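1. Any chance you can model this:
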Amino acid sequence: MEITLKADTGNINGLLLAGGRSKRMGGKDKARINYHGKEQRFHMKEILTKYTMKAFMSCRPQQLKEFSDQADLLPDSFIDLGPFGALLSAFRQNPNCAWMTVAIDLPFVDDKTIMHLIQQRDPSKIATLYKSKDTGSPQPLLGIWEPRAYLRLLQSLAFGKNSLRDVLEDANIKLIEPLSDHTLSEVDTMDELDIAIKQLSQQNSI
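-> The predicted model follows:
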């Protein structure tokens with residue numbers, strides 16, 4: 001199948017990645033955790049909506065009924081491939097715009113994080129991504145993926161690779177520094193959840 005991409009570097013759609021199974025959280029749905037006065041799926045979607053043409057929440061097809069109260073769901077059409085499949089599904093839905101990805105388990109991502117990402121964006125690259133302070137490696141679940149990334153994702157899939165980190169190997173990307181030490185802090189376990197809630201409470205009280 002031949003894919004024609006149009007060069008429109010101003011277009012960005014938002015993609016909130018919420019299709020995980022939360023196994024390490026004992027089945028507690030990360031999308032429903034309340035960090036900021038409402039469930040994270042609503043909080044983060046509102047932020048993305050402010051800075052993108054349109055914001056979607058990705059999910060597994062089985063979650064459509066569960067999230068029936070969520071606007072603009074984008075179910076995976078590439079099944080059982082995690083965030084890789086979610087991003088591919090987004091590009092299949094619209095291959096001519098860039099996609100800003102934000103994982104549901106990054107509760108410290110705020111307006112400043114998103115604005116900084118957009119300001120630092122380089123449309124000539126495959127993607128603009130935040131860099132881990134610990135490892136220096138890109139965080140593929142928080143960044144802007146340009147339309148040119150779609151073909152690279154499809155090529156990677158054809159070679160049996162379905163990890164976003166594999167796609168980024170030797171890729172022409174732009175790495176940017178996070179605004180704080182907490183920006184890329186993930187919440188994957190109940191212990192991490194307790195720590196994050198305390199840190200956010202302290203942060204909000206300042």
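2. Chain neighbours aside, what residue packs nearest to Leu200?
-> Tyr35 (5.6 Å; CB to CB, 6 or more residues apart in numbering). Where you see a C-beta, it was placed from the backbone N, CA and C, and this is true even at glycine.
3. Quick check: the one you found touching Ala196?
-> Yes. Counting by CB atoms under 8 Å, Ala196 is a contact partner of Tyr35 at 7.0 Å.
4. Need the residues touching each of the two.
-> Jointly contacting Tyr35 and Ala196 under the rule CB atoms under 8 Å, 6 or more residues apart in numbering are Pro107.
5. can you map out the strands along the protein?
-> Ranges of strands in the chain, per DSSP state E, are 12-17, 55-59, 73-75, 98-103, 127-131, 138-145, 173-176.
6. got the angle between the second one and strand 12-17?
-> Just to be clear, that refers to strand 55-59. Taking axes from the mean of the first three to the mean of the last three CA atoms, to 10 degrees, one finds that strand 55-59 is oriented at 30 degrees with respect to strand 12-17.
7. CA atoms of strand 55-59 as CSV?
-> In CSV, the C-alpha atoms belonging to strand 55-59 read as follows (Å, rounded to 0.1, in the frame of the first residue of the first chain):
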residue,chain,number,x,y,z
ALA,A,55,-6.9,15.3,21.4
PHE,A,56,-7.7,11.6,21.5
MET,A,57,-7.4,8.9,24.1
SER,A,58,-6.0,5.6,22.8
CYS,A,59,-7.4,2.4,24.3
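8. what sits against the residue nearest to Leu200?
-> Per CB under 8 Å, 6+ apart, neighbours of Tyr35: His43, Pro107, Ala196, Ile197, Leu200.
9. need the helix or strand of the protein with the lowest average pLDDT.
-> Ranking every helix and strand in the chain by mean pLDDT, DSSP states H and E puts helix 190-205 at the bottom, with a mean of 83.
10. So which bits of that one are buried?
-> Counting neighbours by 16 or more other CB atoms under 10 Å, one finds that the buried residues in helix 190-205 are Glu192, Leu193, Ala196.
11. Serialize the residues you listed to a markdown table and add fields for distance to Gln119.
-> Converted to a markdown table, those look like this (distance: CB to CB, whole Å):
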| residue | distance to Gln119 |
| --- | --- |
| Glu192 | 29 |
| Leu193 | 31 |
| Ala196 | 26 |
